[in-house]
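Student: let me see the structure of the following:
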Amino acid sequence: MARIRPSNPFPRAYAQHSAHNPPAWAAALRGRRLELGLTQAAVADLAAVSRRTVVALEQGRTTVALGTALAVLGVLGLGLHIERGDGGQIRADA
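Tutor: Numbers count the residues shown, from 1 in each chain. Predicted coordinates for the structure are as follows:
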């Protein structure tokens, strides 16, 4: 029997970037920023974080605090999708 999944509210191009693949989600963040025509400095100002933080996220560094990452995601119009190991879904919008 096929499992039915709820629709994903996030842009399709950015929806499937696993936490186990930092280069993929880092590229998605950078791609979205460029799509919006924003500089790293502009995103940093809007998210009230340092430019170094935006750079770290775009480089796939996994040491950025969750709240900080969510602020940057929110500026970019992106969100965080969390899925339980058993396939159940939990969604937290940025």
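
Student: so where's the longest helix in this protein?
Tutor: The residue-count maximum for a helix in the chain (DSSP state H) belongs to helix 22-35.

Student: need the strands for the protein, in chain order.
Tutor: 80-83, 89-92 (DSSP state E).

Student: mean pLDDT for the ones you listed: which is lowest?
Tutor: Note on those: strand 89-92 shows the lowest mean pLDDT, a mean of 64.

Student: for burial, what's the neighbour tally of Leu76?
Tutor: Leu76 is flanked by 25 other residues according to other Cβ atoms under 10 Å. All C-beta spots, glycine's among them, are computed from the backbone N, C-alpha and C.

Student: quick one: it and Val54, what's the gap?
Tutor: For Leu76, the distance to Val54 equals 10 Å [Cβ to Cβ, to the nearest Å].

Student: go on, Leu78?
Tutor: 13 Å.

Student: quick one: which of those two has more around it?
Tutor: Set Leu78 next to Val54 and count neighbours by other Cβ under 10 Å: Val54 wins out with 28 against 22.
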